[in-house]
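Chemist: Fold the following.
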Amino acid sequence: MYVDESGDSGLQGSPTQYFVLCGLVVHELRWQSTLDRMVAFRREMKDRFGLRLRDELHAAHFISRPGELVRIPRNDRLTIVRHFADCLGSMADLNLLAVIVDKTTASAASGGADAPDVFGRAWSALLQRFENTLAHRNFSGPANPDDRGMLFPDHTDDLKLTSLLRRMRRYNPIPNDGRFGGGFRDLPVGHIIEDPHLKDSATSYFIQAADLAAYLVYQSLAPNAYMKRKTGHTYYRRLEPICCKVASRSDPMGFVRLRA
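Modeler: Coordinates of the predicted model:
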């Protein structure tokens with residue numbers, strides 16, 4: 001699972017209302033063919049719009065703060081984003097997990113030990129869905145009875161994430177639903193191996209794809225003026241074919257929605 005985020009997990013002075021995590025899951029038997037399709041897409045964008053294969057497609061910057069990529073007109077950059085979403089949505093062996101934390105219910109002035117841990121809640125939810133879907137073999141693509149998963153996030157709070165995953169392997173309390181009464185069950189994570197392997201988005205098309213997904217999900221919630229005017233806030237729907245809808249039965253896209 002390749003993971004990137006949109007928005008930030010802070011409460012004090014945060015400019016964002018939401019924190020979004022998106023994970024793109026691909027089976028190792030489909031990794032090379034998926035990469036080949038991404039490379040083919042980038043070659044097409046190079047031929048049509050001048051986006052070089054080595055250029056980083058970091059969605060938020062690509063649209064609003066493109067740096068040297070300003071050489072590509074903004075409308076064309078938005079077209080590239082749309083085509084990338086369509087490309088990902090057409091890959092039957094890709095799976096998208098998304099977690100959204102709405103921070104509006106948390107006090108912006110909250111701090112100290114009682115402050116909600118937005119980062120921890122979002123990552124715990126994402127890792128738990130990854131674990132559950134692996135355990136029940138519900139991802140599309142190849143499936144084996146003993147499949148295991150690995151985590152490749154963009155650089156984030158690396159030490160905190162590593163500590164969280166290690167802790168979930170030893171102690172992972174899950175609230176009981178109505179079938180089991182109140183309280184918790186301890187269900188340690190067992191299908192995610194190794195510590196997270198942090199990646200630099202500039203060198204990974206998979207992380208750039210996860211970044212695009214996170215950006216489009218965020219824009220569906222709180223679009224900037226340009227994306228709203230150009231209907232870019234609807235582009236997340238192009239990812240629906242790869243959404244892992246078993247992750248959340250209460251959401252039509254399968255997105256996990258939390259409140260801080």
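Chemist: Does the nearest residue to Val118 once chain neighbours are set aside belong to a helix, a strand or coil?
Modeler: For Val118, the nearest residue in space outside its immediate sequence neighbours is Ser9; the separation is 4.1 Å by C-beta to C-beta, 6 or more residues apart in numbering. Just so you know, the C-beta spots here come from the backbone N, C-alpha and C atoms, and that holds for glycine as well. Using DSSP: H, G, I helix; E, B strand; the rest coil, the secondary structure recorded for Ser9 is coil.
Chemist: Look up how far Thr79 lies from Ser9.
Modeler: For Ser9, the distance to Thr79 equals 31 Å [C-beta to C-beta, to the nearest Å].
Chemist: residue ranges for the strands of this protein, please.
Modeler: 2-7, 18-25, 95-102, 152-153, 173-175, 184-186, 256-259 (DSSP state E).
Chemist: what's the residue nearest to Val118 in contact with, if anything?
Modeler: Going by C-beta atoms under 8 Å, 6 or more residues apart in numbering, Ser9 touches 19, 101, 118-119, 122.
Chemist: where does this protein have low pLDDT?
Modeler: Residue ranges of the chain with pLDDT under 70: 107-114, 178-181.
Chemist: Mind telling me which residue is nearest the centre of it?
Modeler: Nearest residue to the geometric centre of the chain (C-alpha atoms, centre = their mean): Cys22, 0.9 Å.
Chemist: I'd say it and Leu94 touch.
Modeler: No: counting by C-beta atoms under 8 Å, Cys22 does not reach Leu94; the two are 11.6 Å apart.
Chemist: burial count for the spatially closest residue to Tyr226 that is not a sequence neighbour?
Modeler: Take Tyr226 and drop its neighbours on the chain: the residue closest to it by C-beta to C-beta, 6+ apart is Ile63, 6.7 Å away. Residues within reach of Ile63, counting by other C-beta atoms under 10 Å, total 20.
Chemist: do you know how far Ile63 is from Thr231?
Modeler: Counting by C-beta to C-beta - Ile63 and Thr231 are separated by 13 Å.
Chemist: Quick check: end-to-end length of stretch 90-98?
Modeler: Terminal residues of stretch 90-98 are spaced 18 Å apart (C-alpha to C-alpha, to the nearest Å).
Chemist: Which positions in it come out as buried?
Modeler: Of all the residues in stretch 90-98, those buried under the rule 16 or more other C-beta atoms under 10 Å are 91, 93-98.
Chemist: Show me the contact partners of it.
Modeler: With contact meaning C-beta under 8 Å, 6+ apart, stretch 90-98 is reached by 1, 20-27, 30, 33-34, 37, 88, 126, 129-130, 133, 139-142, 213-214, 217, 239, 241-244, 247, 253-256.
Chemist: What's the ChimeraX line that selects buried ones from the residues you listed?
Modeler: Buried subset of these, written as a ChimeraX selection, criterion 16+ other C-beta under 10 Å:
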select :1,20,21,22,23,24,25,26,27,30,34,37,88,126,129,130,133,139,140,141,213,214,217,239,242,243,244,247,253,254,255,256
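Chemist: Tell me which of the contacts of stretch 90-98 fall in helices.
Modeler: 33-34, 37, 88, 126, 129-130, 133, 213-214, 217 (DSSP state H).
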